[in-house]
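Trainee: Model the structure of this input:
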Amino acid sequence: MSSILIRTAVVVLLLAVLGFGTGLAFGAIWGWSFFSLGLVGLLLHHVRHLNLLRRWASRSLTEAVPEGSGAWEEVFTLLYRRQRAETARSRQLAHSLARSRQAGRALPYGVAILDDEYRIVWCNDSCEAHFGIGAEADVGHPITNLVRQPEFVKYVAAGEFAKPLQLKTTRDGLVLSVQFVPYVDSQLLLLSRDITQATRLETMRRDFVANVSHELRTPLTVLVGFLETVRELKLDPERSRDYLNLMAEQSRRMQRIIDDLLTLSTLESTPEPPHDEQVDVGSLLSRIHGEAQALSAGRQRITLDAEPGFDLLGTESEIASAFGNLASNAVRYTPPGGEVRLIWCGSQKGAEFTVEDTGVGIEAEHIPRLTERFYRVDRGRSRETGGTGLGLAIVKHALARHQATLEIESTPGTGSRFTAKFPARRVVPARVRTETL
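Mentor: Predicted coordinates:
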C-alpha cells in the first residue's frame, strides 16, 4: 500500500479517536461534528494538491514542480526527481543530436534525407556543394526539381538503387558517385561522393598504359622484324651490320623509355628532398652545359650565363635531371645554326634556371599539356630527335619535390623559354670555390 494511503488512513483513524473522545465529553452530536469537519478538511487538503498536480501536468513539463505538504510532499518530491532526470536525459539527447548533425554536416560525402516522395528533409554542406542546393531554402522541394539532369531523373524514376550512378554536374564539372539507400520511416538517404580526382587518375592510368604499350610496341616490332630477316635471309656482312645497328638503336630507345619510367617512379615514391643538403649549382651547370654541347655536336650555339653566389638545397640528382632534360629538349628542337642559352640567377628571394632557344616553338594550346607523360606536339619529330615523351614530366615532378615551379613561354617559329623558379627556402649562399666557371 502506498504511503499516501497509509497516511490518510492514519489521519482518519486519529480523527475518529478524537471525535469519539469529543462525543464522550460533550455529547454524540459534537463528536460526529468534529469527525465530519476533520474529514472535510482532509478532503480539501487532497483536492488542493490534486488541483496543483493537474495545473502542473497541463503545462510544460519543464516548469517547476509545486511544493506539497503532508503525504503529498513525498509525491511532489518524486515528481521533482523524475523531472530532473528527464531534463538531464533530454539535454543529453539534444547534445548527442546536435553532435550527430554537426558530424553529418562535416562529412566529406554529401548526405541528404529525403521523404518517400523524394522531397528534401535535411542535407549537409557537402551535398549543398555537390548539387548547388540550399539546406534551408530547398527543404520540402523534390530533389528532381533541383537536379534536372536527365540521367539523374531517370535513375530516380527507375527506383533501382543497387548500383550507384556516376553523374557529371553541369555547374562546375564535378564527377559524382550518387546512390540512394533506405532510411527510417520510408525515408531515403541520398549519398554523393566526389570522384572527380579518382576518375581523372583512372583516365590517366588507362592513357599511361596505352601510351607505354604503344611506345614499346614500335621498337619491339622493328626488332622482331629485323631478327626474322637476319634469321631467315642470308645477308652479306655489311647489310647484317646495318640491321644490327638499327636493332641496337631501337634497343637503346626502349632502354631510355624504361630508365625514364623508373626515374618517374622514384620521384613519386621517395620522401621529400632534404633541406640541409647543398647542391653546388656552379659545378652542376658546367656539367649540364658540357652535356648539351656534346648532344649538339656543334650544330647549335650553346651558351651558359650563370651568376655566381647562390646554391640550392635538395637532391643533386633530381635537380640535375630537371636541368638536363630542359637543356636536352632545347637542343633537340632547335634547328642547326640556332642558339640555346642556359641562364642562372639567384638572390635571397629565390632563384631561377632558364633555358631559352631559337627552335621551332610551340602552339599555345599545347603548352598546358606539355608536362603530361608521353604527350607530344609532334610525335614523328619527337622520335626522330630521340625523345621518350617523359622528359618534361620528370622535370615537373623533380621541381615540385623542391617546391619549385615550371613556367613555359613559346612563340611558334621563334623559340621557347622554360624557367624553373625555386623559392627562397631552397636557396642558400654558395660555398667559396677556388675555381670559377
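
Trainee: hey, let's count contacts and neighbours off CA atoms from now on
Mentor: Fine.

Trainee: I'd like the average pLDDT over the host helix or strand of Phe152.
Mentor: According to DSSP states H and E, Phe152 maps onto helix 150-158. In this model, helix 150-158 has a mean pLDDT of 92.

Trainee: Who are the packing partners of it?
Mentor: Using 3 or more C-alpha pairs under 8 Å, 6 or more residues apart in numbering; DSSP states H and E, the elements in contact with helix 150-158 are helix 143-146, strand 165-168.

Trainee: what's the first one in contact with?
Mentor: Think helix 143-146. 118-120, 131, 133, 152-153, 156 (C-alpha atoms under 8 Å, 6 or more residues apart in numbering).

Trainee: Return, as residue ranges, the portions of this structure with sub-threshold pLDDT.
Mentor: For the chain, the stretches flagged by pLDDT under 70 are 1-2, 378-387, 432-437.

Trainee: hmm, back to that, pick the most buried one from the helices and strands packed on helix 150-158.
Mentor: strand 165-168 (a mean of 18; mean count of other C-alpha atoms under 10 Å).

Trainee: In its sheet, which strands sit next to that one, and in what direction?
Mentor: The strands beside strand 165-168 in its sheet (DSSP bridges) come out as strand 175-182 (antiparallel).

Trainee: all strands of the stretch 251-400 of the chain, in order?
Mentor: 278-279, 301-306, 310-313, 339-347, 350-357 (DSSP state E, counting those that start in this stretch).

Trainee: what about Ala85, which helix or strand?
Mentor: When elements are assigned from DSSP H and E, Ala85 belongs to helix 71-106.

Trainee: what comes up buried for that helix?
Mentor: By 16 or more other C-alpha atoms under 10 Å, the buried positions in helix 71-106 come out as 71-72, 75-76, 80, 83, 104-105.

Trainee: Put the buried members of the contacts of helix 143-146 into a PyMOL selection.
Mentor: Of those, the buried ones go into a single PyMOL selection, burial set by 16+ other C-alpha under 10 Å:
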select buried, resi 118+119+120+131+133+152+156
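
Trainee: what's the farthest-apart pair in the contacts of helix 143-146?
Mentor: Distance extremes for the contacts of helix 143-146: the farthest pair is Ile133 and Val156 at 17.3 Å, using C-alpha to C-alpha.

Trainee: which residues sit against the helix holding Phe152?
Mentor: With C-alpha under 8 Å, 6+ apart, helix 150-158 has contacts from 144, 147, 161, 165, 167.

Trainee: quick one: it to strand 175-182, angle?
Mentor: 10 degrees (axes from the mean of the first three to the mean of the last three C-alpha atoms, to 10 degrees).

Trainee: one step back: for Ser36, state which of the contacts of helix 150-158 is nearest.
Mentor: Distance to Ser36, by C-alpha to C-alpha, is smallest for Thr144 among the contacts of helix 150-158, at 75.9 Å.

Trainee: Could you tell me how far that closest one is located from Ser177?
Mentor: 16 Å (C-alpha to C-alpha, to the nearest Å).

Trainee: what do you get for Ser33?
Mentor: 87 Å.

Trainee: of those two, who's got more company?
Mentor: Neighbour totals were compared for Ser33 and Ser177, and Ser177 leads with 19 against 14 (other C-alpha atoms under 10 Å).

Trainee: The more buried one: what's it in contact with?
Mentor: 164-167, 192-195.

Trainee: Going by distance to Glu365, which of those wins?
Mentor: Using C-alpha to C-alpha, the contacts of Ser177 come closest to Glu365 at Ile195, 26.8 Å.

Trainee: Chain neighbours aside, what residue packs nearest to Tyr243?
Mentor: Phe226 (6.4 Å; C-alpha to C-alpha, 6 or more residues apart in numbering).

Trainee: Could you report the neighbour count for that neighbour?
Mentor: Residues near Phe226, counting by other C-alpha under 10 Å, number 17.

Trainee: Then Leu295?
Mentor: 15.

Trainee: Can you give me the buried ones in the strand or helix carrying the residue nearest to Tyr243?
Mentor: Taking DSSP H and E as the criterion, Phe226 maps to helix 196-232. Buried positions in helix 196-232, judged by neighbour count with 16+ other C-alpha under 10 Å: 211-212, 215-216, 219-220, 223, 226.

Trainee: any chance of those in TSV, plus distance to Leu342?
Mentor: Listed next are these as TSV, based on distance: C-alpha to C-alpha, whole Å:
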residue	distance to Leu342
Asn211	31
Val212	31
Glu215	30
Leu216	32
Pro219	33
Leu220	36
Leu223	37
Phe226	41
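
Trainee: between the residues you listed, which is nearest Trp56?
Mentor: Asn211 (80.3 Å).

Trainee: Which residue is the nearest non-sequential neighbour of that closest one?
Mentor: That would be Phe374: by C-alpha to C-alpha, 6+ apart, it lies 6.6 Å from Asn211.

Trainee: Kindly report the same for Ala351.
Mentor: Nearest to Ala351 is Phe422, by C-alpha to C-alpha, 6+ apart, at 5.2 Å.

Trainee: packing partners for the helix or strand the one you found falls within?
Mentor: Secondary structure assigned from DSSP H and E places Phe422 in strand 415-423. Here strand 415-423 touches strand 350-357, strand 405-411, going by 3+ C-alpha pairs under 8 Å, 6+ apart.

Trainee: gap between the shortest one and the chain center?
Mentor: Here the centre of strand 405-411 is set off from its chain's centre by 29 Å, with C-alpha atoms, centre = their mean, to the nearest Å.

Trainee: Now for Gly173, how many residues are close by?
Mentor: With other C-alpha under 10 Å as criterion, Gly173 counts 10.

Trainee: And it, its phi and psi?
Mentor: As for Gly173, its main-chain torsions (degrees, to the nearest 10) stand at phi 70, psi 20.

Trainee: ok, it to Asn325 distance?
Mentor: Counting by C-alpha to C-alpha - Gly173 and Asn325 are separated by 34 Å.

Trainee: same question, Gln197
Mentor: 28 Å.

Trainee: what about dumping the CA coordinates of stretch 361-369 to PDB?
Mentor: This file holds the C-alpha atoms of stretch 361-369, laid out as PDB (Å, rounded to 0.1, in the frame of the first residue of the first chain):
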ATOM      1  CA  GLY A 361      58.300  26.900 -80.900                       C
ATOM      2  CA  ILE A 362      55.100  25.500 -79.500                       C
ATOM      3  CA  GLU A 363      51.500  26.500 -80.200                       C
ATOM      4  CA  ALA A 364      49.700  28.000 -77.200                       C
ATOM      5  CA  GLU A 365      47.000  25.200 -77.000                       C
ATOM      6  CA  HIS A 366      49.700  22.600 -76.400                       C
ATOM      7  CA  ILE A 367      51.600  24.300 -73.500                       C
ATOM      8  CA  PRO A 368      49.200  23.300 -70.600                       C
ATOM      9  CA  ARG A 369      49.700  19.600 -71.500                       C
END
